[in-house]
Each structure stands twice: as structure tokens, then as C-alpha cells.
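Participant: Next come a sequence and a model predicted from it.
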Amino acid sequence: MVLALRQLLRLVREYPREPFLAAVREAARYGLYDLDRLERMILRRVQRDFFLLDEEPGDE
């Protein structure tokens with residue numbers, strides 16, 4: 001239980017508030033309680049905001 005609370009606190013501290021809350025709402029709607037899965041849901045929401053990917057090689 002303590003480890004789960006620590007992991008949840010880490011998620012709150014490390015990720016932007018809106019993507020975190022949106023992922024929590026979605027997880028609650030489907031009854032998902034796995035924090036690793038919650039983190040993946042958050043990452044999907046922030047991937048385009050924080051990780052700029054070169055979609056076309058050679059464009060610079």
C-alpha cells in the first residue's frame with residue numbers, strides 16, 4: 001500500500017496536472033487501478049507536447 005501511494009505521489013509531482021487528471025478520470029470510468037497503466041495513459045497524453053519527433057527524415 002505504501003509503495004502504491006509513493007508511486008501515485010510521484011505521478012502527481014512529475015506530470016502536468018491536466019493530463020494527469022484526465023488519465024485518472026478515464027481510468028476511474030473503466031475501473032482501472034493499475035498505476036503503471038495510469039502512467040502509460042498520462043504519457044500518451046503528453047507525448048506530443050514534450051517529445052518533438054522528426055516525422056519526415058531529412059527535414060531540417
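Facilitator: The structure has been received and is ready for your questions.
Participant: for the record, mean pLDDT for the helix or strand hosting Leu11?
Facilitator: Taking DSSP states H and E as the definition, Leu11 sits inside helix 2-14. Per-residue pLDDT over helix 2-14 has a mean of 95.
Participant: Nearest the geometric middle of the chain, what residue?
Facilitator: Computing the C-alpha centroid of the chain and ranking residues by Cα atoms, centre = their mean puts Ile42 first, at 1.5 Å.
Participant: who touches the longest helix seen in the chain?
Facilitator: If you go by DSSP state H, the chain has its longest helix at helix 35-50. With contact meaning Cβ atoms under 8 Å, 6 or more residues apart in numbering, helix 35-50 is reached by 4, 7-8, 11, 15-16, 19-20, 22-24, 26-27, 32. (Each C-beta comes from the backbone N, C-alpha and C, glycine too.)
Participant: Output the below-cut-off pLDDT ranges for the protein.
Facilitator: For the chain, the stretches flagged by pLDDT under 70 are 51-60.
Participant: rerun at 50
Facilitator: Across the chain, nothing is flagged by pLDDT under 50.
Participant: Ramachandran angles for Asp34?
Facilitator: Dihedral pair for Asp34: phi -80, psi 120, per degrees, to the nearest 10.
Participant: tally of neighbours for it?
Facilitator: 11 (other Cβ atoms under 10 Å).
Participant: what's the distance between it and Asp49?
Facilitator: 24 Å (Cβ to Cβ, to the nearest Å).
Participant: Alright, I will stop here.
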